[in-house]
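Student: Return a 3D structure for these sequence lines:
(4 chains)
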Amino acid sequence: MITEPLTTADELEIRDVVVDFTRTTFTSERVRAAALTPRGYDEVAWKQMVDLGWTGLGIAEDVGGAGLGAIVQCLVHRELGARLAPTPFLGSAGFGAAALDVLVDDDEAAHGLLAAVVDGTVQCALALGHGRGWPGHESPSITAQPVDDGWTVTGSAALVLDAARADVVLVVAALEEGGWRLFQVAASALTPTPVPLLTVDVTRTYADLLFDHTPATPIGASSVTSDRVSLLVDRIAVYLAAEMVGVAIACTNQTLDYLRTRHQFGKPLGSFQALKHRCADVAVAVTVAQELVFSAATLIEADDVTSLALAAPLALARAGEVMLHATQEAIQLHGGVGFTDEVDIGLYYKRALGDLELIASPVDAYARMDLVRTGKTS
Amino acid sequence: MITEPLTTADELEIRDVVVDFTRTTFTSERVRAAALTPRGYDEVAWKQMVDLGWTGLGIAEDVGGAGLGAIVQCLVHRELGARLAPTPFLGSAGFGAAALDVLVDDDEAAHGLLAAVVDGTVQCALALGHGRGWPGHESPSITAQPVDDGWTVTGSAALVLDAARADVVLVVAALEEGGWRLFQVAASALTPTPVPLLTVDVTRTYADLLFDHTPATPIGASSVTSDRVSLLVDRIAVYLAAEMVGVAIACTNQTLDYLRTRHQFGKPLGSFQALKHRCADVAVAVTVAQELVFSAATLIEADDVTSLALAAPLALARAGEVMLHATQEAIQLHGGVGFTDEVDIGLYYKRALGDLELIASPVDAYARMDLVRTGKTS
Amino acid sequence: MTSLDHQVLGPAFAQTPYDHPFRVELRAWLAEHPVDPEPLDQDARFRHRRDWHRTMAGNGWVGLHWPVEHGGRGVDPLTQFMYYEEVALAATPEPVNTPGLILLGPTLMAHGSAELKARFLPGILSGDEMWCQGFSEPDSGSDLASLRTRAELVGDEWIVNGQKIWTTFAQYADYCFVLCRTEAGSERHRGLTLLICPVDQDGVTVRPIRQISGDNEFSEVFLDDARVPKDWVVGEVGQGWSAAMTLFQFERGDQGYTDHARMLVHLLDCEDALRVAEADGTLTVDRAADARRVQRDLWVRIQELRHLNYRGAVLAKAGQELGAVGSMTNLVWGELEKDLGSAFAEASGARSLVLGRHDTHARLASRAASIYSGTSEIQRNIIAERLLGLPK
Amino acid sequence: MTSLDHQVLGPAFAQTPYDHPFRVELRAWLAEHPVDPEPLDQDARFRHRRDWHRTMAGNGWVGLHWPVEHGGRGVDPLTQFMYYEEVALAATPEPVNTPGLILLGPTLMAHGSAELKARFLPGILSGDEMWCQGFSEPDSGSDLASLRTRAELVGDEWIVNGQKIWTTFAQYADYCFVLCRTEAGSERHRGLTLLICPVDQDGVTVRPIRQISGDNEFSEVFLDDARVPKDWVVGEVGQGWSAAMTLFQFERGDQGYTDHARMLVHLLDCEDALRVAEADGTLTVDRAADARRVQRDLWVRIQELRHLNYRGAVLAKAGQELGAVGSMTNLVWGELEKDLGSAFAEASGARSLVLGRHDTHARLASRAASIYSGTSEIQRNIIAERLLGLPK
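Tutor: From the prediction side, this is the model:
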C-alpha cells in the first residue's frame, strides 16, 4: 500500500517475480474457471508454483526448502491473496508445513513429510484439536487414543481449509495424560470421505472433518505443551494475516483505479472529496495493518516468541478488521457494479468473510492478545 | 433540526415566544458574564422567566402552573440548552418539580412546594438516594431515619445539579422497611454548606451534598416503590434529553453558518464534499434523536408508563451520544477557532460533558433499556 | 410489564397504539391466514410473494392507501404505518409489485388519463399484472438527468431505443415504466417523457444481473425498437421529469418502504440464533458479547428508522412535503440494512459461510442496500445541499 | 512470560530490542535523575519542561540526532526512536523547544549560513534560547501559500508587518521564525522568505489565545514594523517556500513528534484509574466494561502509530523520502490523541468534570490535536491526492 515493508534487494526481487507470476496466472477469468473444476483449484498453476519452488520458500534448506524465512513466506501469501488464487498453498505449504516445523523437533518423519509438501507430492491440511483460535481451557475437540498397534484419533473439526482434496490431514490431538501431539491421517482413512463445502468463497475449498477412532500416525517422538500449540497458531495467524492484507490491498487498488477513471456528473468519481477521504482512511488502515503483519513476520524470523505472542493476534485481528472494511468500502465506492458478480470486488468480500473465520475472529484474537499482555495465558 | 416535532399551532406559537426570549436574553456575552457572578446564573433572566410563567408551563393548573404538559416543558429545556442559559430551570422547575409530581400523590405539602417553585419563591434541587441512573440493586446512598420529633437523612450525593444555591433540597431517601420517600431539606440545615464545584461547564452550578442525620421533612403521606422512582428518572431523563438536543441543534447550526460563510482555498468551506457529508450525518443523527425525545414526551403526556420506561432511556442515551458527537464535530469543523474560547463551540462541548454525567451515561441508559425490554427490571 | 409488542416493536406511539382497532382487525385476519416462510430460491421466493399478494388483495388487504374509487380503502398514512407493522409482525412474505403499487399507481392517479387509470390500476392492485421501473441507465447511475434512452412517435406508436439498468425484478414484470428522451437534442431535465412499455415483446430483452448474493434481482433491460402505444404516456409528452419527481415523492413518502418492522422481527430471529450459537460453543463468550452489543445497537437504530417513518406518516397525514424525511430515511435504511445483514450472519459465526442459509444470503444481499435506491453518498449530498443549505 | 516492556510498549522490533545497549545506557542515566510529574498550571508546566530540557542537555541527552559538529551525537533515526520510548517510559516532562530542535535547527543546518548556525544552534540545544514558529495566518489556516505578512528590506534591517496565529508557546519564546512575503505583488508560493525574528522588541506583540482547556498554548503574534537583521534569512531571499518545505519534512519525519510511547504510558495510568473507579462504584459494571474496550482499542491504535513511527525511522535511516509516512502519522496521531484524551476522563466518570485534574484537562486539551498541526481533513486530502493519485 502506501509503504512497502519489504526493504532488502533480495526481498524486492522475489516480490517482483511473485507479482509477475500471480498477475499473469491468476487472472479473473482463470480464477473463476478454476472454481468450477472438480478439485476447486487451479491445478496447472499449482504445479507451476511447486515447480518454481514456492512451496519451499519459507521452509528450511535441509528439508529441501529455500530457507528464505517468514517475510518471504508472507509475501507469497499476500500476493496470492491479492489475486484470490485458488490453490492449496495456505492450507498445505502454510498451515501444514508450519505444524510440522513448530510441533516436531528433529524427526525423520516430519522431515519426510515436509519434503513431500515442498516437492508437491503431498498436499496436506491442518486440523486443530483445541478448536478455533488459541488453545484455552475448553475441552479439546479432537483427542488421541493409543491402541494395540498404534494410535487413533476421535473428534471433529469444522470448515477445515483445503481439506476437501488433501492427501494427508495433520491433526493436533489432545493426549489423555495432557499435552498435545501431531498425527497424520491419510485422507483415504477418513469415513465419511470429506466433501467440499459450498461456501460464499468459491475460490477456496473447505471440508468438515470427522474422526471416529480413525487410524493415525504420530509425528515426532514426544508431546508438546499448549504453549507450543499457541506458537503454531501465532505462526499461521501471521500467514493468514498476510493473505488478508493482500486481499485488502488488491481490492483497494481496484477501487482507486475505478475512481480515477469512472466519471459521473462530468467529473472523475475520484475527484469527489467525500470519496477521497474515505479512500485515504482505507489506505492508511491497510498500510498500517500491513506494517503490523510484516513486523510480526520479522519476529518469527528472529524467534522472539514473547513478542510474537502479542504481535500475532494483533496482526490477525487488525488485518481482519481492515480487510473487511476495505472490501465493504470497495463495494460501496464501486456503486451499482460493486454488488454484482461482473466485477471481482464481491469475490474479495467473500474471501474476506471466509478468512475471518479461519483461525479467530478479530474479537477473539484481541481477547488472546489481552491475555498475553496481562500474563494471563494458561 | 431537519424536522420539527412540534406540530400544533399552540406549540409552534409558544416555541416562537420562547425562542425569541432566549435568543435576545441569553447572548454569548450575557451567558459568559453570568457565569462569573456569585450565584453563577443570570438572576435577571431567571426572574423574567418566572414572571413569564415558564416555571409553571409543565405543571398542573391546580397548583398554579399552566398545565401545558411535557412537550412544552421539553421545548423550554431544548431552547434553554440551545443558548446554554445559566439558570436553575432544569434542576428546580425540571427535576425538582417532577419529583414532587411523580412521587407525591395528592398532598398539601407537595402542592405548596410546587406552587413556590412555580412562583419562584423557592428554588429547589433534587438528590436521588439510589445514586445515579435508575434504581437497581445497589445499596442506597441516602437513607432516612425516623427520630423522636420527625426524620433525618444520611448519605451523600455527588455533583448535584443546581444545588449550590438552592433554597430546598429534595431528597429521595431509602426507608429502612424498604421503599423510598421524598423529603425536603432546608439548605440552611446542610453542614457543611454546599460549595459550588468548579467544573468544565461554567454555565452551570453543581455541588456535592453531604447528609449526616440532617433534619428532613417528609413530603407525602406514604412511601413509594422503586418502580415509581424509576418513573421519576424516566421523566427527568426526557427533560435532560430535550436539553441535550437543544445543545446539539444549536452547535450544529452555528457550524453550518460558519461553513456557509468562511472561505478557504477560494471557496466556502461548506462546499467541500467531505465536510458536507459529515454535516449531513450529524444533522440526521440530531434530527432523529430529537424525534426520540419528543416521542418520549408524548408518552409522558399520555401517561403510557410501559412505553415510557423503554423510550426514556433510549432518548437519553441517544440524545447524549448525538450531542457529544455533534459538539465534537462542531469543534473539528470550525478548525483553529473551534478549540479556542473565542467562539461558543467549546462551551457547548463542555455543557455536553456535564450533561452526560447528570443522570446516566449512554452506556448505562442502554443497559436500563435492555433490562426493561427483556422484562428484567427489579 | 413490557408486552411482546413493546419488546419487538419498541415503545408505542400516541396515535398508533398496539390496541388500535385497525391492528386488532388485521391481526385477526392474519391469524386466520397463516403463510409459510419465504423460500431461499429467488424464483420460488417471487412466486411465494406474488401468491401472498393475491391472497391479501383478494381480501382487500392490498393498497389500503389507494382511494376507495380505485379499489383501496383510502386509509391515512398512520393506518398504513400500522399496516406495515402488522404484516411484518406476522412474518408474511415481503410486498411485491411495489413499483406499481407505491410508485406508478399513485403517479397515474395524479398524472394519468382516465383510460390509463381504468386500464392499469386494477391489475396493479390485484397482482395480476406485475410492474418494474426503467429509470437508471449504464452511464447515468446517480445522475438520472443524463439519461439517453430515446423514444420517437411513429404513427400511433412510440419506438423506444436504449438501455436501462438496475431494474428490479424485470424478469417477472409485465410492464415497465420507462423514462426516455422524446425531444431530439434536448438536454438534462427537458424533453423527457414517461412511457408504459409492455415487457413481453420482441423489442425488449431482459438480462438479469448476477449479484454477489447469487440472486438476479436486478436486470439490464435492452430496448431495441420496443413499441409503446401512443397514449400510454404518464402525464404530458415532454413532461417526464415532472412525472418522475411526483413518482419519487411517493417512493420517499411510503412508510413501508423502509421497513423497520420487518427488521425488528428479523432482529428477534437474530437474537435467538445468537443464544443458540453461544450455548453450543459456536461463538466464544467474547464474540457473543460483541454480537449482543451489535444487536442492541441495531435495535436502537431501527427504533430511529421507525421514528423517522412515523414522522413521515404524521407529516403525510398533515399533507406536508416529504422530501426531507425521505432522503433521511433512505440513508438511515441503507446503512442499517447492511449492518443488519452482517449481524444476522455474525450471530451464527462460521456456519454462515455455508450457502443455502438465510443468514448467509442476507449478509451478501444486504450490501446492495446503500446503493440501489440512490447511494448513501447521493443522499448525503441531497441532505447537505437541499436541507442544510450548504453551497453546491 | 511478558515483560513490563512488552506490556507497556508492545512487541519488540527486531532493530530496537528492549535490551539494546542504548536503552540500557539511557535507562541508567534516567534512573539516576528522577524528575517530578508535570504540574497542571501552564506557566509552571513550561518552566518544568524547560528546566528538564536543560538538565538533559547538560548531560548530552538532547538533540541526539544532531550531527556531532553541532553538539549532537549524530545518532540514527532508530536510536532516536528508542530515545523517545525511553524518556517516555521514565515519565519525564514533555520535550520543549521542539520548534528549534526538530524544525529550525535541522533547517538551518541544511539552508543556513555558517554565521546563523554558529549564532543559533548552541542556544537551541542548550535550551537557553526558546523558539516558536510563525507560519499560519488568520486568513490562511490550512492554505499556507495565501499568507500576507510582508517584509521589506530597509537599510540593513527587514521591516516586518502582518499577523501570525496559532503560534505555539510564543509567550515563552525568544525567537520566532517567520514566513513572509518579501516580493511585492508576488503570489502563492513565490516571493516568500523565511526570517528569524526576535520576539522581545517593540514591533512584536504576543496575544495568547485562550483555549477551551483554559490553556494559552497558542498565540496571535502581531508584527508591526518588527525588525529583523538583514542576514537573518534562512536560505535565500525569495526561496522561503523551499525552506518551509524542508522544515515540514523534518516535522513529519521526527519519530518523537507522534509520541506513541507517551501515549502508552498514559494509557497505563488510564487503566489504573479505571480499576479504581470500578472498584469504588464510580463507574457501573457496564460502563467500566465499555471503558475497558475503549482502552484496548486505544492500545491497538497506539501500536499502529508505533509501527508507523518505526517504519518512518527505518525509511529515514535508509535516507528515503518521508512525506508519505508523515501525512499518515499526523492523521493517525491527531485522531488518536483526541480519543485518548476522552478515554482518560471517561476512566474516572463524573469526577473528570471537576477542574484541576489531569484527566479533566487532557480531555479538553486534546480536542486541538486533529487541527493545529494540519487538520485531519487536510491530511486526508494530501494522502488521497499525493499518495493515492486521486484527481484534484
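
Student: How about C:W52, nearest residue that isn't a chain neighbour?
Tutor: Distances taken as Cβ to Cβ, 6 or more residues apart in numbering or on different chains place C:P93 nearest to C:W52, at 4.3 Å, with adjacent residues excluded. Bear in mind the C-beta positions are built from the backbone N, C-alpha and C, glycine included.

Student: Correction: the previous question concerned C:Q239.
Tutor: C:T193 (7.3 Å).

Student: for A:R132, same thing?
Tutor: Leaving out its chain neighbours, the residue that sits closest to A:R132 by Cβ to Cβ, 6+ apart is A:A360, at 6.0 Å.

Student: re the thing from before, give the contact list for the residue nearest to C:W52.
Tutor: With contact taken as Cβ atoms under 8 Å, 6 or more residues apart in numbering or on different chains, C:P93 is in contact with C:V35, C:E38, C:R45, C:H48, C:R49, C:W52, C:H53.

Student: Okay, now the unreliable bits of the stretch 1-150 of chain C?
Tutor: Along the stretch 1-150 of chain C, the parts satisfying pLDDT under 70 run over C:1-2, C:141-142.

Student: try 50 this time
Tutor: Per-residue confidence for the stretch 1-150 of chain C (pLDDT under 50) gives these ranges: C:1.

Student: where do the strands sit along chain C?
Tutor: In order along the chain, chain C carries the following strands (DSSP state E): C:131-134, C:150-154, C:157-168, C:175-181, C:192-198, C:204-209, C:218-229, C:233-234.

Student: could you dump the ones you listed to a markdown table with mean neighbour count and distance to D:D224?
Tutor: Listed next are the strands of chain C as a markdown table, based on neighbours: other Cβ atoms under 10 Å in any protein chain shown; distance: least, Cβ to Cβ, whole Å:
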| stretch | mean neighbour count | distance to D:D224 |
| --- | --- | --- |
| strand C:131-134 | 28 | 67 |
| strand C:150-154 | 17 | 68 |
| strand C:157-168 | 21 | 63 |
| strand C:175-181 | 26 | 64 |
| strand C:192-198 | 24 | 63 |
| strand C:204-209 | 18 | 68 |
| strand C:218-229 | 21 | 67 |
| strand C:233-234 | 26 | 71 |
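
Student: can those go into JSON lines with extra columns for distance to C:Y372?
Tutor: Shown next, in JSON lines, are the strands of chain C (distance: least, Cβ to Cβ, whole Å):
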{"stretch": "strand C:131-134", "distance to C:Y372": "11"}
{"stretch": "strand C:150-154", "distance to C:Y372": "24"}
{"stretch": "strand C:157-168", "distance to C:Y372": "6"}
{"stretch": "strand C:175-181", "distance to C:Y372": "16"}
{"stretch": "strand C:192-198", "distance to C:Y372": "20"}
{"stretch": "strand C:204-209", "distance to C:Y372": "11"}
{"stretch": "strand C:218-229", "distance to C:Y372": "7"}
{"stretch": "strand C:233-234", "distance to C:Y372": "22"}
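
Student: From the contact counts, what lies against the longest helix belonging to chain C?
Tutor: Ranked by number of residues, the top helix in chain C under DSSP state H is helix C:285-317. In terms of contact count using 3 or more Cβ pairs under 8 Å, 6 or more residues apart in numbering or on different chains; DSSP states H and E, helix C:285-317 is assigned the packing partners helix A:362-373, helix B:273-301, helix B:305-334, helix B:362-373, helix C:77-89, helix C:260-279, helix C:323-346.

Student: Now mean neighbour count too, for those, in CSV please.
Tutor: Converted to CSV, the helices and strands packed on helix C:285-317 look like this (neighbours: other Cβ atoms under 10 Å in any protein chain shown):
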stretch, mean neighbour count
helix A:362-373, 23
helix B:273-301, 25
helix B:305-334, 26
helix B:362-373, 23
helix C:77-89, 22
helix C:260-279, 19
helix C:323-346, 23
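
Student: Under a three-state scheme, what state does A:G40 occupy?
Tutor: Recorded secondary structure, A:G40: coil (DSSP: H, G, I helix; E, B strand; the rest coil).

Student: that older thread, need the helices and strands packed on helix C:285-317 in JSON lines with distance to chain D, can you?
Tutor: Formatted as JSON lines, the entries for those read as follows, by distance: least, Cβ to the nearest Cβ, whole Å:
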{"stretch": "helix A:362-373", "distance to chain D": "6"}
{"stretch": "helix B:273-301", "distance to chain D": "6"}
{"stretch": "helix B:305-334", "distance to chain D": "5"}
{"stretch": "helix B:362-373", "distance to chain D": "4"}
{"stretch": "helix C:77-89", "distance to chain D": "30"}
{"stretch": "helix C:260-279", "distance to chain D": "17"}
{"stretch": "helix C:323-346", "distance to chain D": "17"}
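
Student: of those, which approaches B:D167 most closely?
Tutor: helix B:273-301 (26.5 Å; Cβ to Cβ).

Student: is the longest helix along chain A up against chain D anywhere?
Tutor: As far as residue count goes, and with DSSP H defining each element, the longest helix of chain A is helix A:226-261. Yes - applying Cβ under 8 Å from any Cβ of the partner chain, one finds helix A:226-261 touching chain D at A:L256, A:L259, A:R260.

Student: Please pick the buried ones from those.
Tutor: The neighbour count (16 or more other Cβ atoms under 10 Å in any protein chain shown) marks A:L256, A:L259 as buried among the residues of helix A:226-261 next to chain D.

Student: residues from the stretch 151-300 of chain A in reach of chain C?
Tutor: Taking Cβ under 8 Å from any Cβ as the criterion, the neighbours of chain C within the stretch 151-300 of chain A are A:158-159, A:197-201, A:206, A:264-265, A:272, A:274-275.

Student: give me that answer again for 6 Å
Tutor: By the rule Cβ under 6 Å from any Cβ of the partner chain, the part of the stretch 151-300 of chain A lying against chain C is A:L159, A:L197, A:L198, A:T199, A:V200, A:Q264, A:F265.

Student: and chain D, which of those reach it?
Tutor: If you filter these for contact with chain D, counting by Cβ under 6 Å from any Cβ, you are left with nothing.

Student: So which of the residues you listed belong to strands?
Tutor: The strands in this structure, assigned by DSSP E, contain A:L159, A:Q264 from these.

Student: So how do I select the buried members of the residues of the stretch 151-300 of chain A next to chain C in PyMOL?
Tutor: Entered in PyMOL, the line below selects the buried ones among those, by 16+ other Cβ under 10 Å:
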select buried, chain A and resi 159+197+199+200+264
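
Student: Mind putting the residues of the stretch 151-300 of chain A next to chain C into TSV with pLDDT?
Tutor: As requested, those are exported to TSV (pLDDT from 0 to 100):
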residue	pLDDT
A:L159	95
A:L197	94
A:L198	94
A:T199	96
A:V200	97
A:Q264	85
A:F265	82
